[in-house]
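K.L.:
Sharing a model that was predicted from the sequence below.
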Amino acid sequence: MGRLLITLGIAAIVVGLLVRAGALGWFGNLPGDIRIESDRTRVFIPITSMLIVSVVLSVLLAVFRR
């Protein structure tokens, strides 16, 4: 359990550094991400971005299970 928490913490730090550096600027701006804006309301549904995150995490988990 401790090793898992350390790994998740390091992964969170790496993702945070990537976001801070601007390396993930494409996230949320892909075709298929729905953005609806009106005068008083903003709705954002990142369908395509979440599909990519899901595939990447599935591949990583499959690799680490072996």
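P.N.:
It's in.

K.L.:
alpha carbons only for contacts and neighbour counts from here, please
P.N.:
Will do.

K.L.:
which SSE is the residue of the chain positioned farthest from its centre in?
P.N.:
Largest separation from the mean C-alpha position in the chain: Asp39, at 28.1 Å (C-alpha atoms, centre = their mean). Using DSSP states H and E, Asp39 falls within no helix or strand.

K.L.:
try Val14
P.N.:
Using DSSP H and E, Val14 falls in helix 2-21.

K.L.:
and that helix, C-alpha only, in PDB?
P.N.:
C-alpha atoms of helix 2-21 as PDB (Å, rounded to 0.1, in the frame of the first residue of the first chain):
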ATOM      1  CA  GLY A   2       2.900   2.400   0.800                       C
ATOM      2  CA  ARG A   3       4.600   1.800  -2.500                       C
ATOM      3  CA  LEU A   4       1.300   2.500  -4.400                       C
ATOM      4  CA  LEU A   5       0.800   5.800  -2.500                       C
ATOM      5  CA  ILE A   6       4.400   6.900  -3.200                       C
ATOM      6  CA  THR A   7       4.000   6.000  -6.900                       C
ATOM      7  CA  LEU A   8       0.700   8.000  -7.100                       C
ATOM      8  CA  GLY A   9       2.300  10.900  -5.400                       C
ATOM      9  CA  ILE A  10       5.200  11.000  -7.800                       C
ATOM     10  CA  ALA A  11       2.800  10.700 -10.800                       C
ATOM     11  CA  ALA A  12       0.800  13.600  -9.500                       C
ATOM     12  CA  ILE A  13       4.000  15.700  -9.200                       C
ATOM     13  CA  VAL A  14       5.000  14.800 -12.700                       C
ATOM     14  CA  VAL A  15       1.600  15.700 -14.100                       C
ATOM     15  CA  GLY A  16       1.600  18.900 -12.100                       C
ATOM     16  CA  LEU A  17       5.000  19.900 -13.500                       C
ATOM     17  CA  LEU A  18       3.800  19.100 -17.100                       C
ATOM     18  CA  VAL A  19       0.700  21.300 -16.600                       C
ATOM     19  CA  ARG A  20       2.800  24.100 -15.100                       C
ATOM     20  CA  ALA A  21       5.300  23.900 -18.100                       C
END
